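[1] Pasting a predicted model and its sequence here:
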Amino acid sequence: MKPLSKRIRWILLIFLLPFLGLVVWANWEEPPLSAYFPPVAWASYQVVGLKTADQASMLDDRLLRISGVHSCNINPQNQFAILSYNPDEVGEDRLRQAFTQEGMFRLAAPQWKTWEGDPGPQCPVPASYIEKINRLKFALSVRKFFSEYY
């Protein structure tokens, strides 16, 4: 019977020790403030046909009525709109529909000035991997229950 208990101890040690290490690592420091809030995405559009401040105000009201849109900044002088929204609640297709809803405006690709120089060092790890590791760390964190933001 002794060899069986030795095997069980080794199996527990092999599986339990890395898990405990992961829990300690997750609780080593308090989760970042960004872990408590929904994601935010930004969209910018060139709005053709937008001429007056009244039209900009009407379009602003229409966009802010969409669930998931946090803020909207529309400039009628250069016909440009910038939105912040929650990508889990609303997609870019729905935002585009709101602009062209009544046929008054149409969207064109914004003209950006690009820099053709050296992009600098690039991270070899994809951002999705880092995001998954951060979500795992937040899920295993016990400190979040004692935070004022949770």
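    Perfect, thanks for sending it.
[2] residue ranges with poor pLDDT in this protein?
    Applying pLDDT under 70 to the chain flags residues 1-4, 109-120, 149-150.
[3] give me that answer again for 80
    1-4, 32-36, 102-104, 109-123, 147-150 (pLDDT under 80).
[4] In it, which helix is the longest?
    Under DSSP state H, the helix in the chain containing the largest number of residues is helix 2-26.
[5] That one packs against which elements?
    Helices and strands touching helix 2-26, as assessed by 3 or more C-beta pairs under 8 Å, 6 or more residues apart in numbering; DSSP states H and E, comprise helix 127-140. (Each C-beta comes from the backbone N, C-alpha and C, glycine too.)
[6] got the contact list for the helix it packs on?
    Outside helix 127-140, the residues within contact range by C-beta atoms under 8 Å, 6 or more residues apart in numbering are 22-23, 25-27, 31, 35, 144.
[7] Tell me the buried residues within those residues.
    The neighbour count (16 or more other C-beta atoms under 10 Å) marks 26, 31, 35, 144 as buried among those.
[8] possible to save the residues you listed as a markdown table with secondary structure?
    Converted to a markdown table, the buried ones among the contacts of helix 127-140 look like this (DSSP: H, G, I helix; E, B strand; the rest coil):
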| residue | secondary structure |
| --- | --- |
| 26 | helix |
| 31 | coil |
| 35 | helix |
| 144 | helix |
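[9] The residue nearest the centre of the chain in helix, strand or coil?
    The residue lying closest to the centre of the chain (C-alpha atoms, centre = their mean) is residue 39, at 3.1 Å. Of the three states, residue 39 takes coil under three-state DSSP.
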